[in-house]
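Trainee: need a 3D model of the sequence below.
(chains A and B)
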Number of protein chains: 2
Amino acid sequence: MKNFTYYNPTKIIFGREAEKKVGTETKKYSNKVLLHYGGSSIKKYGLYDKVIKSLKEQSIEIFELAGVQPNPRLGLVYEGIRICRENNINFILAVGGGSVIDSAKAIAAGVKYPGDVWELYVSAEKNFAEILPIGVILTIPAAGSEGSDSTVITKEEGMLKRYCGHQDMRPKFSILNPELTFTLPAEQTIYGISDILAHLMERYFTRVENVDLTDRLLEGTMKSIIKNAYLVTKTPDNYDVRAEIMWCGTVAHNGLLDTGRIGDWGSHDIEHELSGIYDIAHGAGLSVIFPAWMKYVYKTDIKRFAQFASRVWGIDSYLNEEEFMALEGIRMLENFYKDIGLPVKLSQIKIGSDRFEEMAAKCVQKGLVGKFVELDSKDIIEIYKLAL
Amino acid sequence: MKNFTYYNPTKIIFGREAEKKVGTETKKYSNKVLLHYGGSSIKKYGLYDKVIKSLKEQSIEIFELAGVQPNPRLGLVYEGIRICRENNINFILAVGGGSVIDSAKAIAAGVKYPGDVWELYVSAEKNFAEILPIGVILTIPAAGSEGSDSTVITKEEGMLKRYCGHQDMRPKFSILNPELTFTLPAEQTIYGISDILAHLMERYFTRVENVDLTDRLLEGTMKSIIKNAYLVTKTPDNYDVRAEIMWCGTVAHNGLLDTGRIGDWGSHDIEHELSGIYDIAHGAGLSVIFPAWMKYVYKTDIKRFAQFASRVWGIDSYLNEEEFMALEGIRMLENFYKDIGLPVKLSQIKIGSDRFEEMAAKCVQKGLVGKFVELDSKDIIEIYKLAL
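Mentor: Numbering: from 1, shown residues only, chains lettered A, B, ... in the order given. Below is the predicted model:
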């Protein structure tokens, strides 16, 4: 086990009607907020009105910035920074999924930053200024940004998708009401599940030895998201199923499951190039890339893949046939993806091989990719090919 | 799943030599501390000197209060409160196990409390005053107090052992270095393991339905503590084994595994009367009481006990024989206790039946005991009898 520091002071308010508390929670930080969201969906089902009401009951002045899209764009972040600066706003309330929260975090980091906030995403040396506090009402369980210290933003020019993290980006509070996810389109639900499972697998495939407890916690969370993924396709308005998925999404990515280990994150990096260029859903890209990555790297640590097969997918232990077990586990994962309606091949999301070299080159711009195995651009092209 | 709020802002600093950071961490809160600890063990192996050095390097003024004993006493808490008041001390550094931390929390709650701090442990209505911040260097993985919001103190008169909890009692930081536990006497190691496993089982046995993720996390943590309990008896100075046990202890009791569910805590209450009156180790009392409690209550929810048997102890699923599974699980738990050297009968800790009625009466002073099944004094006497 590696040494670690774990500090996660985000207050989680979980349950039915939890969004009614947004006014009182926000008031602890500010009398003025930037309300940041995506499009019409929060208005369609009444959430927008509830949020406005709760904030106004606390006499909080509201500025709005809508229009966040999946793979959130740098342009809108600049707009948010401008609004906050011009109006002296020092609290950002994100109402939406990971894209909205990531966009809010970028704005929060940018308002007091003297340079171009994009520098914090691409520079090797990052000199953060004070980061504004943010609050969250989560509507899509997926990215885990509601409990994490990081953000991913896409720069329109070149569709460059980059990551940035800082302890002070963790939301002050995150409000999680599973009822808000009943009306999610089926596609968004399964893309979210794909992202959550990927967050768990990125952490699971580590070369750090003796990580027994976090292995077990990761396996348990994987089993829980897998079971409830099957259930939610049949009963999308079952509160308990939605609640399990929502809480899995936060637990998967709030840092606890990183303690003492080093995750891989290669599949995320490889997928970011796909969704960056083709603007596909991140969750769809992940279900295509992950099995391909596994097939390319499993021989590096067959025992770990065999353990994944045994403990997560219930594959019998054949102690002389660990490679068989490992491959069975990968097959089970692919079948799971197919069963809930996720793509497992690039052809299913209409992507061919024509830009593999470009994506691989962009992917390694900051160096080798992944920690379980360090991949160069040739490796990445092979993984894209395995996903064809 | 129940609605919940989860907020745990304790900073965990985990790893080799982590105690060297105590000075800089403490300095963030105060220039003056009450250093609170037990007896000679922290001096014997050099920890005391390291702590003093690290604090002095930050020019922190140190007042000391040693002498905390297992089942920490109210008298010493009063002494700590007096020292803090007289010297204007506003930070308490606990160096030790759960008893020291619990005592520090009591002092922290008492310094600004206008009445007798014991009121906070026994009154139905508790009006907390400001609670002083505390920091922790953990030396015994067991109670989980380093990540929890609660404390248990024993009043000498009548040996009354009572619980008190408040969000602000959570330590600001907790330093966990597994190396500090290499020299723990074998008995303290296994008593600690007993306490950790009990914390997990108290939460596991719930009547709340649809708690899938936390079930899995609890099962995973139980499996991890069980495995490493066997290992530590053979290799007490194996860093990774000690690290797993230490981190299990914190995760078991920091509130995450309570999210959305209601634990039982009957066995803890029943045991508190044992260790209160007979001054035995809490962990020894728990390994005696828990199997007896299980045998008394398992019929209330045989499926849950069967799940415990299957998922934690690997008992095959006999779907028409759930009661057989349930009993097998209890038997496996008892065997585990015996294997690592814990008592499973009152006779082994030299306690007879003569004070059963007195203990049962004290136990229900504040009402029925336990949530999985609500027990009255007659039930409790039956459980003590099953433990004979």
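Trainee: what about A:Asp339, distance to B:Ile380?
Mentor: 49 Å (C-beta to C-beta, to the nearest Å). C-beta here means a position set from N, CA and C on the backbone, and glycine is covered the same way.
Trainee: go on, A:Tyr121?
Mentor: Taking C-beta to C-beta, one finds A:Tyr121 at 61 Å from B:Ile380.
Trainee: which one of the two has more residues nearby?
Mentor: B:Ile380 (28 against 22; other C-beta atoms under 10 Å in any protein chain shown).
Trainee: the more buried one should be in a strand, yeah?
Mentor: No. Per DSSP: H, G, I helix; E, B strand; the rest coil, B:Ile380 lies outside any strand segment and is helix.
Trainee: give me the pLDDT for it.
Mentor: Looking at B:Ile380, its pLDDT stands at 98.
Trainee: what helix or strand is the residue lying closest to it once chain neighbours are set aside on?
Mentor: Setting aside the residues directly before and after it, B:Ile380 is nearest to B:Ala360 in space (C-beta to C-beta, 6 or more residues apart in numbering or on different chains), at 4.1 Å. In this assignment (DSSP states H and E), B:Ala360 forms part of helix B:356-363.
Trainee: buried residues in that helix, which are they?
Mentor: B:356, B:359-360, B:362-363 (16 or more other C-beta atoms under 10 Å in any protein chain shown).
Trainee: just those residues now: which is nearest chain A?
Mentor: B:Cys363 (32.1 Å; C-beta to the nearest C-beta).
Trainee: pick out the residue nearest the middle of chain A.
Mentor: The residue lying closest to the centre of chain A (C-alpha atoms, centre = their mean) is A:Ala143, at 2.2 Å.
Trainee: wait, is it part of a strand?
Mentor: No. A:Ala143 is assigned coil when assessed by three-state DSSP, not a strand.
Trainee: pretty sure A:Thr154 contacts A:Asn71?
Mentor: Yes. With contact defined as C-beta atoms under 8 Å, A:Thr154 reaches A:Asn71; the gap is 4.6 Å.
Trainee: hang on, the earlier thing: tell me who's in contact with the residue nearest to the centre of chain A.
Mentor: A:Ala143 is in contact with A:97-99, A:101-102, A:195, A:249, A:253, A:282, counting by C-beta atoms under 8 Å, 6 or more residues apart in numbering or on different chains.
Trainee: now with 10 Å?
Mentor: A:97-102, A:150-152, A:192, A:195-196, A:199, A:249, A:252-253, A:282-283 (C-beta atoms under 10 Å, 6 or more residues apart in numbering or on different chains).
Trainee: kindly report the same for A:Ala109.
Mentor: A:77, A:81, A:117, A:120-121, A:126, A:128-132, A:134, A:151, A:164, A:166, A:168-169.
Trainee: one more time with 7 Å
Mentor: Applying C-beta atoms under 7 Å, 6 or more residues apart in numbering or on different chains to A:Ala109 gives the contacts A:117, A:120, A:128, A:131, A:166, A:169.
Trainee: which of the helices or strands spans the third one?
Mentor: Applying DSSP H and E as the criterion places A:Phe128 outside every helix and strand.
Trainee: just give me the neighbour total for it.
Mentor: 14.
Trainee: quick one, phi/psi of the residue nearest to it when sequence neighbours are not counted?
Mentor: Setting aside the residues directly before and after it, A:Phe128 is nearest to A:His166 in space (C-beta to C-beta, 6+ apart), at 5.4 Å. The phi/psi pair for A:His166 (degrees, to the nearest 10) reads phi -160, psi 140.
Trainee: and if you look at A:Val33?
Mentor: phi -130, psi 150.
Trainee: for A:Leu200, same thing?
Mentor: phi -70, psi -40.
Trainee: ok, back up a step: just the buried members of the contacts of A:Ala109?
Mentor: A:117, A:120, A:131, A:166, A:169.
Trainee: restricted to helices, list these.
Mentor: Residues of these located in helices (DSSP state H): A:Leu120.
Trainee: what ranges does the stretch 51-200 of chain A have for its strands?
Mentor: A:61-65, A:92-96, A:134-138, A:150-155, A:160-165, A:173-176 (DSSP state E, counting those that start in this stretch).
Trainee: for those, which one sits closest to chain B?
Mentor: Closest among the strands of the stretch 51-200 of chain A, using C-beta to the nearest C-beta: strand A:173-176, at 8.5 Å.
Trainee: let me know the distance separating A:Trp313 from A:Asp264.
Mentor: 19 Å.
Trainee: which one's more surrounded, those two?
Mentor: A:Asp264 (23 against 19).
Trainee: OK, contacts around that one?
Mentor: By C-beta under 7 Å, 6+ apart, the residues touching A:Asp264 are A:202, A:205-206, A:370-372.
Trainee: likewise A:Thr221?
Mentor: A:Thr221 touches A:200, A:248, A:251-252, B:213, B:216, counting by C-beta under 7 Å, 6+ apart.
Trainee: quick check: it vs A:Gly283, distance?
Mentor: A:Thr221 is 17 Å from A:Gly283, by C-beta to C-beta.
Trainee: cool, and A:Ser174?
Mentor: 20 Å.
Trainee: try A:Leu217
Mentor: Computed as C-beta to C-beta, the A:Leu217 to A:Gly283 distance reads 22 Å.
Trainee: can you check A:Ala360 too?
Mentor: Distance from A:Ala360 to A:Gly283, by C-beta to C-beta: 22 Å.
Trainee: now A:Lys227
Mentor: On the measure of C-beta to C-beta, A:Lys227 and A:Gly283 end up 18 Å apart.
Trainee: mind listing residues that contact stretch A:288-306?
Mentor: For stretch A:288-306, contacts defined as C-beta under 7 Å, 6+ apart pick out A:198, A:201, A:205, A:207, A:266-267, A:270-271, A:322-323, A:325-326, A:329-330, A:333-334, A:343-346, A:349, A:372-373, A:379, A:382-383, A:386-387.
Trainee: would you mind measuring the gap between the ends of that stretch?
Mentor: 21 Å (C-alpha to C-alpha, to the nearest Å).
Trainee: pull out the buried residues from it.
Mentor: So, applying 16+ other C-beta under 10 Å, buried residues of stretch A:288-306: A:288-298, A:301, A:304-306.
Trainee: between the residues you listed, which is closest to chain B?
Mentor: Chain B lies nearest to A:Arg304 out of those, by C-beta to the nearest C-beta, at 16.1 Å.
Trainee: show the backbone phi and psi for that closest one.
Mentor: phi -70, psi -40.
Trainee: just the pLDDT for it.
Mentor: Value listed for A:Arg304 in the pLDDT field: 98.
Trainee: neighbours of A:Val369, how many?
Mentor: Neighbours around A:Val369, by other C-beta under 10 Å: 26.
Trainee: contact residues of chain A facing chain B?
Mentor: Counting by C-beta under 7 Å from any C-beta of the partner chain, the residues of chain A close to chain B are A:1, A:3-7, A:9, A:11-16, A:210, A:212-213, A:216-217, A:219-221, A:223-224, A:227-228, A:240, A:243-244, A:247-248, A:251, A:259-260.
Trainee: could you pick out the buried ones from those residues?
Mentor: By neighbour count, with 16+ other C-beta under 10 Å, the residues of chain A next to chain B hold A:1, A:4, A:6, A:11-15, A:210, A:212-213, A:216-217, A:219-221, A:223-224, A:227-228, A:240, A:243-244, A:247-248, A:251, A:259-260 as buried.
Trainee: which residues of the stretch 201-350 of chain A fall in helices?
Mentor: A:212-234, A:239-253, A:266-278, A:282-297, A:302-313, A:322-340 (DSSP state H, counting those that start in this stretch).
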